[in-house]
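Engineer: dropping a prediction and its sequence here:
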Amino acid sequence: MTPFKALLRPSTRRRAAPPTPEETEQRALLLRLCSLLLQYPDHELVTARPVLTASVETLPPSPAAGHLTAFTDWFTRRAS
């Protein structure tokens, strides 16, 4: 079997438990923040830096939250 076909095989692992409402809400916040921070930094986004930073700080610890924290720290230090 080629490596590509191996990727297409159905998983034999057990499915994880469905996410809790809190996990769903946190994931939605994470995705919204990513979406906002991927925009061109116009005046509106630049003025929203404190709100974005505060929102990132509410995320539970995770690799994604760590990367967003590092980015918002950098973004906050940038001159407007």
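Structural biologist: Done, it's in.
Engineer: in the chain, spot the helix with the most residues.
Structural biologist: Longest helix in the chain, counting residues (DSSP state H): helix 21-37.
Engineer: low-scoring stretches of the protein, by residue?
Structural biologist: Within the chain, the ranges that satisfy pLDDT under 70 run 1-12, 79-80.
Engineer: mind checking how far the spatially most central residue of the chain is from L37?
Structural biologist: Closest to where the C-alpha atoms of the chain average out (CA atoms, centre = their mean) is L30, at 3.8 Å. Note on L30: its distance to L37, by CB to CB, to the nearest Å, is 11 Å. (Glycine included, C-beta is placed from N, CA and C.)
Engineer: between the two, what contacts are shared?
Structural biologist: Overlap of the contact sets of L30 and L37 (by CB atoms under 8 Å, 6 or more residues apart in numbering) consists of L68.
Engineer: any chance you could map the helices in the protein?
Structural biologist: 3-8, 21-37, 43-47, 49-57, 63-77.
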